[in-house]
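Participant: the sequence isn't on hand, but the structure is:
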């Protein structure tokens, strides 16, 4: 019959992930089971991370030391993508200050700053309404 819809392709990919028991190989390499996500597509992306996480992920997905150095010296939004045996650098930088950036931003310091700013604005509105 084959895959007729994208949902069929995703289900086939998830079945392959389970059939091949990829999760066991990640756990065996030291990745916590709670951090493993089954997404149903066949590539891995390595974004800038702490050095210890980077080294571990590089071993898991099979990235060379030279390729890992590229990932270590990148800006936010840049990294490496591996599909099969091919590893390519990518730049998915999103302009700061737009809704998409705010949605995907994982920088904890920026997130805290944004929350403080929102709280300050909310208090100013509350104070103005009560005056």
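Facilitator: On my side now, so go ahead. Please read these numbers as outputs of a predicted model, since none were measured by experiment. Residues are numbered from 1 along each chain as shown.
Participant: which ones are touching residue 92?
Facilitator: Going by CB atoms under 8 Å, 6 or more residues apart in numbering, residue 92 touches 77, 78, 79. No exception for glycine: its C-beta is placed from N, CA and C like everyone else's.
Participant: now that we have those, which one has the most neighbours?
Facilitator: Of all those, the most densely surrounded is residue 79 (18 neighbours; neighbours counted as other CB atoms under 10 Å).
Participant: surely that one is in a strand?
Facilitator: Yes: applying DSSP: H, G, I helix; E, B strand; the rest coil, one finds residue 79 inside a strand.
Participant: report the beta-bridge partners for it.
Facilitator: Applying DSSP bridges to residue 79 yields these beta-bridge partners: residue 47, residue 90.
Participant: one step back: mind putting the contacts of residue 92 in TSV, pLDDT and distance to residue 122 included?
Facilitator: Listed next are the contacts of residue 92 as TSV, based on pLDDT from 0 to 100; distance: CB to CB, whole Å:
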residue	pLDDT	distance to residue 122
77	79	29
78	81	34
79	79	35
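Participant: which among those gets closest to residue 118?
Facilitator: The closest of the contacts of residue 92 to residue 118 turns out to be residue 77 (CB to CB; 22.8 Å).
Participant: ramachandran angles for the closest one?
Facilitator: For residue 77, the backbone dihedrals (degrees, to the nearest 10) come out as phi 90, psi 0.
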